[in-house]
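got a predicted model here, sequence first, then my questions.
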Amino acid sequence: MVKETILAIFLFLFVSISASCQVKLKGIVIDSVYKRAIEYVTVSSFEEEKTLVKKITLTNTSGKFELDGLPINKRLLLKFSVVGYKPTTVELKLNSTLPYDLGNVFMVQSPNNIDTINIMPPISLKGDTIEFNSDAFDLDSNAVVEDLLHKLPGIVVWGDKSITYNGIPIPNILVNGKQFFGNDLSIALQNIDKKAVNKLQLYDKRRFEEKIKDPEKKDLEINILLKEGKENMLFGNIGGGIGSKNRLQSQLNLNKASKTWQNTIAYSGNSVNITVNSLDQLLKNTTYKGIGVNSDFSPDFQRQGITKQVVLASRSQYDFNPDADQTNKNLIIANFFSNWTLKKIEDVNATVLLNNNYLDKNLKENSNLNFQKGAAQLLDIVYTRQINPPIINEKKTRNYGFNFNVENSNNEVQNTQNTIFNYTGNKSQNNIISLFNTNNRSLEFDTYYHSYPILQSISKNEDKLAFINDLETNISLNVKYLENRFDGKNNGIYNNVEDPTLNQNQERLYDNFNSISNLVSNIGVKYKKWNLEQELQFKETNWNDNVYDNTQINNNLTHRSELFQYKYAVRTKFNKDLFSQKFPGRYSRNLHLNTAIGYNIVSDNNRSTIDYRNIHQSFSNFSPLLSLNYNKNRFDKVDYNLSMQYSYNLLYPDVNNYKPLYDDINIGYRNYGYQQPPSPSGIHQVALTGSINSLKKYGSNLSVELSFKIINDPFLDSIELLNNQYTLYKIQTENNMRAFSSKLSFNKAFLLANNNTLTLKLFGNYEKGTTFQYFNSDFQDMSQVNYLINADVFFTLINSLQVGLKSNISLYKRIERKFSMISNNYNSAFFNNAIAVAYNINKRIALNSNLDYRSNYFRENNLTSVVWNASLSYRGLKANNLELKIAAFDLLKQNKGYYFIENPYEFTSGSRNVLTNYLMFSISYFPRKFGK
Amino acid sequence: MKIQLALFISILLFQKVYGQRIEFSNSIPTQTIRVVPNQLYGGTVSDNLSNMEYFELDGNKDNILGQIISKAFNKNRIILIHNIDGNLFIFNKNGKIIKRINKVEGFKQPKKNLFYRVQIENDNIVAYGPNIRAVYDNDGNLVEKQLNYNFNYKNSTMLIGSTFFEYGNPQTYGEEFKNNFALKMNDKVLINYNVKDTVHSLLYQNLPIVSNTNNSAYAIYPSTYNIFELNATGIVKNINFLFPLQNTIDTSEFYIFKNPILLSNYLNKKPEKIYGIGDPIIHKNYLIVKLGSFKIPNWIAINLDNNKVMALNKIMPDKSNDFLPFINLTDLYTDGDYLYSVIYPNDISKAIAYCKDEDHRMRKEYLDLEKSKNPIIVRFKIK
């Protein structure tokens, strides 16, 4: 079925592309008297009797232009305009689909500019900024900025929502020089009315020296310049839906902006497994234009359980410098985000040991019913001051700011868990009914200061303290206080089949409180090729745990403990070009060295009223790093990068997990922590990365990453099946562990006729490593292999069709090396193919559908499910701002909630309750007002 | 945008030179040349140029040229110095290597680079480097060497016949001028800087003194519109360029030369302004100069017979030269008969794509140039 679907899609795409073939026109614009080619002439095409531009382009330095996608058999006007010349018009009608050469188009100079003074050309150059005049472009009355981008020469909006200009990515978009309602581009592109836009400015945002050093490595940015008064705007979304099986979904967001303020209030409520984690997520998925195939605001059919969530959020942004440009930022933003969730999870699973010596009596069955009720409130205030003059050498770079946040969260959990152990020597059943309430509160302050040079006043004295002019500093301080209260009870009933004397029925009450105070400071000073960094951390954790068994104090779990942790790290870095050669017009080569040597001191001191948790450990080590990067750039063709890095560091045992507390309410399981006092584990890592990037327009890029790691004295899990108890230890072994991983990614974008696009992204990952563990007395020596392949394809036909195809294959293989027992080996495979289609039947009716095919293969089992969703929406009212939508989810009723979890020694498979088939009708209104 | 940036890069690649206005004798004859940038002529290669040839400089593993820091052309030779080790390369007129000079007998070079500059003086090849001035014949044979020569990278010198000219560079240290002479002939000061004038300039039109083939040379002053023609007897004339007001930087605006930020901002706002003139070349009946501007075509050829001015950058490649570019923004030289410029293999790649677009077949010898390991020399004449 999948094959047929893919075939049908490609057939459809082919037909769509073929049907959209239109004519290409070219020519050269020449000064009529002086015979010289005229560059940057705006060439606009209009259909007869229309005043707004249909297609537009600019002439290049040779005066040449090309216009693509012109209609045949229609009368067209071509208008040529540039400052200093009289506008010229050419009338024509294209009769065939063959490319048409207009030859030379002559323009006459306007001696006094009278003819040009009142004409605003659709495209103009201001310094090195290209400006697009919004009013000159012919668009639908309800068009937004994204529709305008589709019209602009050189700019392509791709299926994965990335934007490029002549093949160069544009990762950032500003509105009036400032970020617009968060960080997601869609919020500006898919909401702002095209009629509110004065100009789009496109420029290389890098600073002067960076442009000089590498003119071609552009970092492009778009600034949307609004018309006077239009910065006062209101837009948003108010909507709700009701569905079968009591499914509900509703959302509201209202965004109001003025020259200095941006304010948002938002609400979201649903019972269909949609989790809103941020305001940006809500705003970018409820835009006026609609999100297409890239939504992360859809009911989640893969998630365990059914979640209901209500979110209330707001954001206020105040700009102290509303008239300043993007190099001078002075903003304060206050975010408030609160959410209430209700979750129900039913889970039934079975776990087997992956060891052939224990084929019989090797089963743990678990059933779990879990209700969670949570509420969280977060207030976050961010102040940002950035002064980044366009020229670094002006030596006035200052960036500083702070982030203050307060968080409060409550979580109530009711959990009923029944575990049946069926192991040799351990046949028992443990039933635990839990009721817990957790409360977390935190307060955090983070501040930073970056300056170049280090002090401005001294920097004026050029002779005496000249070196200070080259010092750059980074200082940051993070202070956090967090407290956690945990109270509740566990009611555990334990029945042992073979030894009933061990049976117990225990009610255990918990009244626990812990707090963490953490301070981290970083100071870094950079002088030319040298960098000195220091980090100082102090962390204090306090526990005051009171545990009662049937009103009696439980001395094993009741304790007062304090953990003091200190860390000091100092690191010196040095970087240098070992050689740098430039062969203009051919290639350049560069070998760059990065070295660093760091020294770390760590001290952990845990004091506790429980004896075995009085632990003190301190370590110190050097952490060297050496990296070499080789770059070869063949001008306009290809760029090769190869880098090699070696690093060494130590991994310390976490003192808090050194000897865990044992809560015998779960009597069949115990974690003993580290079996003996561990020493640090050393990690040597060698990484080799390479990339090949085509420098041709819309070229492909390929990158490969190889990494090899040796872990000395690693910490391993050790499992011991005691009588009536499944126990876990951490042990340290002298056997070195080795791990190899390789990653490969390939991206290619195809620009089709009429700015339609096709993007292809491939990613592969291969990991192989050794691992060891003790299973009772058996020392297991295993190798593990993981394969992962992802393939994403996006196709768009502008304003009519978007298709997204995502495929994922994951393979896992575990081989027992020591005993050569093939039957102890293990394989699993996971396939996922998803296709999403968004089709605008006309300007008012849109059809969306997605199909998600999943298949799990493991131990000769095959679990397959197909989830198919479809929706039809209609836009009403003059401004298209009322949407009626009917959606059907899991049409095939195949979502079952099967899952599996694997690790080197255990395999768990089970099923959980998941979202299943339902129907929903929803209505949304998009309030929109641009200007007072 | 690209042109402006490339131009600015070419400017900054040169040493930091501070300029100021100059004072010279009223008795020096002045030739005034008027140029109206809006009236520069363009056209096509086939209409305006002739004898066009493209050839590569011999490239094998021993003579790959990196960035070329100094170039000179005479009737028989193409002479280049590259940046990697300052070696001197002498090629014949067809690009065949004659000699690579990587050391001077009896001279222990103090720095990695042997030479920094080469120029033609009295028909000889003269190379300058740290502590050395070496004179070679056309085959690269050492004719004369001056060890411990006080080579000043910033102050150019020129020998015409037996007359020694020294260009006074108005380099400043802090706020104080060290030089107040602008040009000396032997020990006689011919041109002075105005010491009261504190205008600095960071712009530099390639070389301050350019040799001409007929035993003459030109001295050029940044942030002025004057070029002085020199011969063995002194200053022959002052060639003064006049532009329309909209293209002229008025003396009241000279504060912009104080630092590159002001200058860059000013020229971005007023790209039609001309900030200097340089690299004069006499070719047939044309005076060719380079205009410094963010917008105006930079190489102009003035027909001294009829004052018609042609913008060489606006002569468009056509089928006659397989759409290959023939000129770049920084390099144009003459051996007296021909003009020479330099292009690179990536220019051939772009032209191949252009030809494909125009459905034109590029001749094989030009196609092969794409694989050239060295820069490609273009030789041509103006019709």
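Arrived safely.

tally up the residues packed near A:Val803, please.
23 (other CB atoms under 10 Å in any protein chain shown). Just so you know, the C-beta spots here come from the backbone N, C-alpha and C atoms, and that holds for glycine as well.

find the nearest non-adjacent residue to it, please.
Using CB to CB, 6 or more residues apart in numbering or on different chains and skipping residues adjacent in sequence, the residue nearest A:Val803 is A:Phe795, 4.4 Å away.

settle this for me: the one you found is touching A:Leu758, isn't it.
Yes: because the distance of 5.0 Å satisfies CB atoms under 8 Å, A:Phe795 is recorded as touching A:Leu758.

show the backbone phi and psi for the residue in the stretch 551-700 of chain A that chain B sits nearest to.
Residue nearest to chain B within the stretch 551-700 of chain A (CB to the nearest CB): A:Gly585, separated by 1.8 Å. Note on A:Gly585: backbone dihedrals following degrees, to the nearest 10 are phi 80, psi 0.

identify the residues contacting it.
A:Gly585 is in contact with A:Phe635, B:Ile343, B:Tyr344, B:Pro345, B:Asn346, B:Asp347, B:Pro375, counting by CB atoms under 8 Å, 6 or more residues apart in numbering or on different chains.

identify the residues contacting the closest residue in space to it that isn't next to it in sequence.
Among residues not flanking A:Gly585 along the chain, B:Tyr344 sits closest, at 1.8 Å (CB to CB, 6+ apart). Applying CB under 8 Å, 6+ apart, we find B:Tyr344 in contact with A:Pro584, A:Gly585, A:Arg586, A:Phe635, B:Pro375, B:Ile376.

who wins for most neighbours among these?
Neighbour-wise, those (other CB under 10 Å) top out at B:Pro375, 26 neighbours.

picking up where we left off before, ok, now how distant is the residue nearest to A:Gly585 from B:Tyr167?
For B:Tyr344, the distance to B:Tyr167 equals 30 Å [CB to CB, to the nearest Å].

who has more neighbours, A:Phe795 and A:Leu758?
Between A:Phe795 and A:Leu758, counted using other CB under 10 Å, the more crowded position is A:Phe795 (26 against 18).

tell me the pLDDT of the more buried one.
As predicted, A:Phe795 sits at a pLDDT of 92.

what sits against it?
Per CB under 8 Å, 6+ apart, neighbours of A:Phe795: A:Leu13, A:Gly159, A:Asn756, A:Thr757, A:Leu758, A:Leu801, A:Gln802, A:Val803, A:Gly804.

distance of it from A:Lys161?
13 Å.

ok, now A:Ile433?
Relative to A:Lys161, and taking CB to CB, A:Ile433 is found at 48 Å.

repeat for A:Leu283
14 Å.

wait, A:Leu509 touches A:Asp545, no?
No: between A:Leu509 and A:Asp545 there is no contact under CB under 8 Å: 11.5 Å.

quick one: which of the two has more around it?
The residue with more neighbours, out of A:Leu509 and A:Asp545, is A:Asp545; 19 against 15, by other CB under 10 Å.

if we can go back for a sec, more neighbours: A:Leu283 and A:Lys161, which one.
A:Leu283 (25 against 20).

which residues touch the helix or strand harbouring the more buried one?
Taking DSSP states H and E as the definition, A:Leu283 sits inside helix A:279-284. For helix A:279-284, the surrounding residues in contact (CB under 8 Å, 6+ apart) are A:181-184, A:186-187, A:251, A:253, A:255, A:264, A:266, A:268, A:276, A:291, A:296-297, A:311, A:313-315, A:335, A:337.

can we see that at 7 Å?
A:181-184, A:186-187, A:251, A:253, A:264, A:266, A:268, A:276, A:296-297, A:313, A:315, A:335, A:337 (CB atoms under 7 Å, 6 or more residues apart in numbering or on different chains).

also stretch A:733-744?
With CB under 7 Å, 6+ apart, stretch A:733-744 has contacts from A:704-714, A:716, A:764-772.

avg pLDDT for stretch A:404-421?
96.

list the buried residues in that stretch.
Residues of stretch A:404-421 classed as buried: A:405, A:407, A:409-413, A:415, A:417-421 (neighbour count, 16 or more other CB atoms under 10 Å in any protein chain shown).

stretch B:237-244 too?
B:Asn238, B:Ile239, B:Asn240, B:Phe241, B:Phe243.

quick check: closest non-adjacent residue to the fourth one.
For B:Phe241, ignoring the flanking residues on the chain, the nearest one in space by CB to CB, 6+ apart is B:Tyr225 at 4.3 Å.

report the separation between the one you found and chain A.
Using CB to the nearest CB, to the nearest Å, we find B:Tyr225 at a distance of 22 Å from chain A.

wait, doesn't that residue sit right on B:Asn238?
No: using CB atoms under 7 Å, B:Tyr225 is not in contact with B:Asn238, being 10.3 Å away.

before we move on, the earlier item: let me know the pLDDT of the residue of the stretch 551-700 of chain A closest to chain B.
87.

next one: A:Thr541
In the prediction, the pLDDT value recorded for A:Thr541 is 96.
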